[in-house]
Structures are given as C-alpha cells and as structure tokens.
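S.K.: sequence and predicted structure are below.
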Amino acid sequence: MSANHRSYVKNSDRQHRPVRKVKWWQRPITWVAGVVSVLILAVATALGTGIGNSIFNAAKGHPSPTGPPVAIEAVSVQTWQDYSFVIPRRLVLTQARLTTMNKQVTASPSAYASWFASHGGVIANRGIIGITVRGNGTGPVTITDMQVVKHCGRPLAGGTLFYSPTAGAGPFATDQIGFDLSQQLTIGQYLPAPGPHTLSPGGNFFAKKVITLKPGEPQTLSAYVTAQNEYCSFTFQLHVATPDGRPVTETITDNAKPFQITTDGETGPAASPGHVPFSSYRVVYAGGAADPQNQQAFIQVNPATYKGTGNPDSFPPASAVPPQAGPPLGQLVGIFVHGAGFGTVKPSEIFNGGDPTGLITHIAWKSWGGPEAIGIGTAEYVKPTQTVASGKEEPATVVAFNLGACNGRLMYRAVEWYFPQHGQTFNPSQYENICTGTYVPNP
C-alpha cells in the first residue's frame, strides 16, 4: 500500500403471543441505566483512585502543579438509544464465533461496547461520551466552553453493519453538552434533562451552567454526539480560564486517537444525503429491537434482501463463496489479525484492520499463482494535504508478491497497493508483511 494511504497512528397487527422475558439488550431503559452507571462509576473511581475507568478507552490525566489547569481523569464512550455499530471491513463470523460473540455482548453493556471496540467498531447515529475532569491548578479554574473539531465525510459503507435500532428510550439522566455533527455550530449546546428548568435549551452549555473547579475537585461532563448524514472523526477542545486570566485550551481524545461516529443510514429517508441502504454493506447482522423473535443478540441476514423489518430468520445470509485453489494471501497475524482477505485465495477485498485507507475492495485479479499477483480494485486516495475523512475512492493497483514459505505453507508474504494515476509506482521495499503481521519499513 502506498505511503499515501498508510495511517499508522489508525424495526400490523399480530396474533397474541405468550409473554417472553425481554433480554437486557432489548430493553432500552437498561441501556439508559447502563450509561448513567458508567458515568457514576467514572466519578466514583476518580474520587477513589484519581484515575477513572472507561468502557471503551481511558485517557489518563497527569496530576501535576505544572500540568494543565484541568486534568482529564477519564473518558468513557457508550451508545445511546441506537445500539448499532459499523465495522469498516468485511467480517463474516462462523456460527461458532457468532454464538460466542452473542454470549459475550449480552453479558452487560460494557461487554457489548468492549467487543465492538476490540474489532474496530464505530458507533452509529448517536452516543454519549463521559469525561471526568479534575481541577489541577493552584486556584479555582473555570471551563468557559467546549468545542468539537471534526473531520466529516461519506458514511461508512462497504463493511459490516451490526444493526440494533432502538425500541424507545428513557430520558437523559443528566444535562448534556450537545454536538450535532451535521451542523456548522461547533460549540457544545445546553441540553437539559427532563424536569423543571429555569434555563431554556440551546446556547453555550458553559454559559448557562458555570463549572468552576477548585484544586483537586472532580466533575463529570456528559457530551451527547449525533451524526445524521455522515461519518466523522473528531476531538474536543476544552477552553479554560485560569486564576491569572490566562486562557488555556486542552484537547480531549479517545486514548490519544480521534473519536469516531457514523450514520447507519437506515433511520432517514432514501433521498437524504446520509442514507446508506442495507445492500451497501458487505455483511449485515440484525439484533436487539430488529430481532424480537430470537433469543440471540444478533443473527446474520442477507444485505441484498433485508429491509430492516420482519423476522430476520426469513432473510438468510448470502451463500458463502466456495474456496479456491492456489497460494493464499498471507495470514491473519500480528497487527493485521482483525483484517480481512488475508489467508484466502484471490480475495475480492483486503483490509489491514486500521482506518479506511487500509481497505481495497472490488478487486479483479489479472493473475494469481505466479511470483507476483496483480489486481485492480477501489481504495481511498488521500492527498498529502488532506485528512482521511476527506479522501476519495479511486481505482488502485494491488500487488501480492514475495511468494514463499511461511510457517511451512506456501503463500504470498507481502502485499501493497498504489495509485498510478497520481504518479505512484510499485515499491517492493514498502509493503505489509502478511507472514509476520508487520509493516515494512516499520513506522
């Protein structure tokens, strides 16, 4: 793959039926409680240890008199109302793996989130980010506002959709800092929890709720983020006023990486800019409110026939492609262990398990079995001055090479793709080592 796309830092009347016990993952109120408990846990842990735990990832602050005026103790990310995820690659689970996955994700909301986090899942439609902060100055410090810095583009498609829409949800338990990423407004808006309020919704959250932190004083902020038409990677900027009047800006990330959110496209009209039909995904699993007939959390359905309603059992998965003869393309190993295409013969797509630039799809191989296998596919081209979210899908040439033995088996041990139309050429000294699961050269 070229240096250009390499990113290492990457729901009629029905007959009466007997009442069934509803599982926790089909009961949105439990999810609400789960989100609230996550935030309470973050505060309690921060008070007890100085370091809050997260469901997805924790960003630890560095309490120091010489550090930032506000220490970021913990960051926790959770779904809200809609429990869908998109994995930006093709992921087909065998029945055994799907059974294991369903047992894991139905254990608790945190186990649900953790499974998707470990597979590169991106929250769909809406989520809540809990941020535990602590006063870290020599005197009181005041948070004046919180802004989002976003890079948005086309919704994620072409990968795997775990579709689990809401069946209704309870209200917010606490006031939220609202961010609608489809709007130009970047300052967090005041979204009050239900109940009597003297303040009207909207406007700068921190202009309506003044938050001043004494040295060592913790506080948990709750950001409600939505994406209606796009995929966005984003970070937050916290603006702080210090006792000496000096303004300070602090960046909040998801464990040193941008947060991510995408629309799954199924909640809006087909004419909307962010609409993504089920057929746009390579693999679709239906669960939660989309699968009321089954006890499992998710069941695989056919993207070409599934419409989001009805018994998912009536939408069988697409037939598997029979295996082909010949040397496989490396193996799932190392940093590519959550990838796709590796370990197969003439894969129609390859994904290295990172960001969208590590994905090439619709590959038509011109050759296979010789010293080099060459194919033409579609990958995301990003100009040197662009962000990944601003990239554009373009034709790319992919080369599998270095045919030889790996762990006693003949396979292509290297792969690389590039964009000839942009002056790029095949560089055999820069590639993915798909025998050992490393990049060459190492970043």
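M.R.: Nice, thanks for sending it over. Residues are numbered from 1 along each chain as shown.
S.K.: distance from stretch 104-112 to the middle of the chain?
M.R.: Mean-position distance between stretch 104-112 and its chain equals 17 Å (C-alpha atoms, centre = their mean, to the nearest Å).
S.K.: with stretch 250-270 instead?
M.R.: 7 Å.
S.K.: okay, and the beta partners of Thr220?
M.R.: Applying DSSP bridges to Thr220 gives these bridge partners: Thr132.
S.K.: please look at it and Ile128 and confirm they touch.
M.R.: No: between Thr220 and Ile128 no contact is recorded; they are 11.3 Å apart, counting by C-beta atoms under 8 Å. Yep, even glycine has a C-beta here, placed from its N, CA and C like the rest.
S.K.: higher neighbour count, those two?
M.R.: Ile128 (24 against 21; other C-beta atoms under 10 Å).
S.K.: which pLDDT does the model give the more buried one?
M.R.: At Ile128 the predicted local distance difference test score is 93.
S.K.: again with Pro63
M.R.: pLDDT recorded at Pro63 is 42.
S.K.: next one: the lengthiest strand in the chain to chain centre, how far?
M.R.: In the chain, taking DSSP state E as the definition, the longest strand is strand 392-406. For strand 392-406, the distance between its averaged C-alpha position and the chain's averaged C-alpha position is 26 Å (C-alpha atoms, centre = their mean).
S.K.: what's near enough to touch Thr249?
M.R.: For Thr249, the contacting residues are 237-240, by C-beta atoms under 8 Å, 6 or more residues apart in numbering.
S.K.: out of the residues you listed, which end up buried?
M.R.: Applying a neighbour-count criterion of 16 or more other C-beta atoms under 10 Å, the buried members of these are 238-240.
S.K.: between those, which is nearest Pro312?
M.R.: Distance ranking of the buried ones among the contacts of Thr249 against Pro312, using C-beta to C-beta, places Leu238 first at 42.7 Å.
S.K.: and what about the residue lying closest to that closest one once chain neighbours are set aside, helix, strand or coil?
M.R.: By the measure of C-beta to C-beta, 6 or more residues apart in numbering, the closest residue to Leu238 outside its immediate chain neighbours is Glu250, 4.5 Å from it. Following DSSP: H, G, I helix; E, B strand; the rest coil, the label given to Glu250 is strand.
S.K.: residues touching Glu250, list them.
M.R.: Under the criterion of C-beta under 8 Å, 6+ apart, the contact list for Glu250 reads 68-70, 72, 237-238, 240.
S.K.: where exactly do the helices run in this protein?
M.R.: Secondary structure of the chain, counting by DSSP state H: helices at 28-49, 95-105, 109-118, 205-208.
S.K.: what's the least confident stretch among these?
M.R.: When the mean pLDDT of each of the helices of the chain is compared, helix 28-49 ends up at the bottom with a mean of 41.
S.K.: contacting residues for the nearest residue to Leu410 once chain neighbours are set aside?
M.R.: Taking C-beta to C-beta, 6+ apart, and ignoring the residues beside it in sequence, Leu410 has Pro327 as its nearest neighbour in space, at 4.9 Å. With contacts defined as C-beta under 8 Å, 6+ apart, the neighbours of Pro327 are 345, 369, 403, 410-412.
S.K.: now do 6 Å
M.R.: The contact partners of Pro327, taken as C-beta atoms under 6 Å, 6 or more residues apart in numbering, are 410-412.
S.K.: can I get those in CSV with neighbour count and pLDDT?
M.R.: Supplementary listing: those in CSV, determined by neighbours: other C-beta atoms under 10 Å; pLDDT from 0 to 100:
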residue, neighbour count, pLDDT
Leu410, 12, 95
Met411, 22, 96
Tyr412, 26, 97
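S.K.: any idea how far the nearest residue to Leu93 once chain neighbours are set aside is from Ile299?
M.R.: Nearest non-adjacent residue to Leu93, counting by C-beta to C-beta, 6+ apart: Met101, 6.2 Å away. Relative to Ile299, Met101 is positioned 11 Å away (criterion: C-beta to C-beta, to the nearest Å).
S.K.: number of residues surrounding Tyr281?
M.R.: 24.
S.K.: got a list of contacts for stretch 390-397?
M.R.: Judged by C-beta under 6 Å, 6+ apart, the contacts made with stretch 390-397 from elsewhere in the structure are 360, 377-382, 417-420.
S.K.: Asp145: which of those is nearest?
M.R.: Closest approach between these and Asp145, by C-beta to C-beta: Val382, at 31.1 Å.
S.K.: got the confidence number for that closest one?
M.R.: Among the per-residue scores, Val382 shows a pLDDT of 92.
S.K.: likewise Thr305?
M.R.: At Thr305 the predicted local distance difference test score is 89.
S.K.: excluding chain neighbours, what is closest to it?
M.R.: Here the nearest residue to Thr305 in space, its sequence neighbours aside, is Phe315; by C-beta to C-beta, 6+ apart that works out to 5.3 Å.
S.K.: quick check: domain ranges of the protein?
M.R.: For the chain, the domain assignment from automatic domain parsing gives the residue ranges 10-262, 334-440.
S.K.: between the ones you listed, which one is nearest to Thr309?
M.R.: Each of those was checked against Thr309 via C-beta to C-beta, and the shortest separation belongs to domain 10-262, namely 6.5 Å.
S.K.: surely Leu332 is in contact with Gly343?
M.R.: Yes: in terms of C-beta atoms under 6 Å, Leu332 counts as a neighbour of Gly343; the distance is 5.4 Å.
S.K.: bridging across strands, which residues link to the most centrally placed residue in the chain?
M.R.: With distances taken as C-alpha atoms, centre = their mean, the residue of the chain nearest its centroid is Val122 (1.7 Å). Each beta-bridge partner of Val122 is listed here: Val86, as defined by DSSP bridges.
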